[in-house]
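J.: Sequence and computational prediction follow.
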Amino acid sequence: MGTESKRQQRFAGVIQQDLAELFQRDGNSWAPNAFITVTRVRVSPDLAIVRAYLSFLNTNTAKADLELIRAKASEIRYKLGARIKHQVRVVPHLEFFLDDTNEYVEHMDKLFDEISKEPRQED
């Protein structure tokens, strides 16, 4: 989506906060036993599409949980609309993506640990 305007960034912040509160309150019914964190929100220039990146903790089935969340996107959009109805003209369409940054960091840490354990070669 390129660089975001101040308006997009402010709107994304509001959406991120409201989605985080929704997932904290109702997330267990959408993805049982998973702790869901909204790590990043991107908004289209016309504020009609929201791309939310989610991180799942305490679960080994993050991809399956993401599919459950995607299946409930209309319900989540409805609940979000009830929260932001006085701030926007149109409630944006929600798209959810898996944020695998934590998994990437863990993978890189393992690689660095393996490298540091290898014996150094003399030149």
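T.: Sure, I can see it.
J.: Give me the neighbour count for Val38.
T.: A count of nearby residues for Val38, using other CB atoms under 10 Å, gives 21. The way it works is simple: take the backbone N, C-alpha and C, and place the C-beta from them, glycine included.
J.: Now do it against Asn28, distance only.
T.: Here Val38 is placed at a distance of 15 Å from Asn28 (CB to CB, to the nearest Å).
J.: One more: Asp99?
T.: To Asn28, Asp99 is 19 Å away according to CB to CB.
J.: So which of these two has more stuff around it?
T.: Neighbour totals were compared for Asp99 and Asn28, and Asp99 leads with 19 against 13 (other CB under 10 Å).
J.: Report the contact partners of that one.
T.: Residues near Asp99 by CB atoms under 8 Å, 6 or more residues apart in numbering: 39-40, 53-55.
J.: Can you show me the helices along the chain?
T.: Assigned by DSSP state H, the chain shows helices spanning 6-30, 62-71, 73-84, 101-117.
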